[in-house]
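**Student:** I would like the atomic coordinates for the input below:
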Amino acid sequence: MKEPGLRSRLEADLVMLGALGRDFCGRLLEDSLREAGVDVSGLLWRKDEETGPAMITVSRSG
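**Tutor:** Presented below is the predicted three-dimensional model:
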């Protein structure tokens, strides 16, 4: 059985805003977001740039 997507677990509409390179990582991220039920209509595709990695951490207290 497939786990519920992020959208249904949060009971909210989710939208991703940002820019991605037209590369493997950009396509992988877009596919993963779509599969999780995230609206990806706000993504910008940059043909001359690579998708850059970022790690954002949040403490338990927010």
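**Student:** contacts and neighbour counts: CA atoms only from here.
**Tutor:** Will do.
**Student:** and the strand or helix carrying residue 42, how far from the chain's centre?
**Tutor:** Using DSSP states H and E, residue 42 maps to strand 39-46. Mean C-alpha position of strand 39-46 versus that of the full chain (CA atoms, centre = their mean, to the nearest Å) differs by 9 Å.
**Student:** contacts for that strand, please.
**Tutor:** 13-22, 30, 33-34 (CA atoms under 8 Å, 6 or more residues apart in numbering).
**Student:** try 7 Å this time
**Tutor:** 14-22, 30, 34 (CA atoms under 7 Å, 6 or more residues apart in numbering).
**Student:** of those residues - the most surrounded one?
**Tutor:** residue 20 (20 neighbours; other CA atoms under 10 Å).
**Student:** bridge partners for that residue, pull those for me.
**Tutor:** Bridge pairing for residue 20 (DSSP bridges) gives the partners residue 45.
**Student:** surely it meets residue 51?
**Tutor:** Yes. The criterion here is CA atoms under 7 Å, and residue 20 meets it with residue 51 at 5.1 Å.
**Student:** touching both of these two, which residues are there?
**Tutor:** residue 26.
**Student:** what is the mean pLDDT for stretch 13-33?
**Tutor:** Mean pLDDT, stretch 13-33: 93.
**Student:** distance between the ends of that stretch?
**Tutor:** 12 Å (CA to CA, to the nearest Å).
**Student:** coming back round to it: then the strand holding residue 42 to CSV, C-alphas only?
**Tutor:** The C-alpha trace of strand 39-46 is given here as CSV (Å, rounded to 0.1, in the frame of the first residue of the first chain):
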residue,chain,number,x,y,z
ASP,A,39,1.7,22.2,-7.5
VAL,A,40,4.8,22.7,-9.6
SER,A,41,3.3,25.4,-11.9
GLY,A,42,5.5,28.0,-10.2
LEU,A,43,8.8,26.4,-11.3
LEU,A,44,11.0,28.2,-13.7
TRP,A,45,13.3,26.2,-15.9
ARG,A,46,16.8,27.6,-16.6
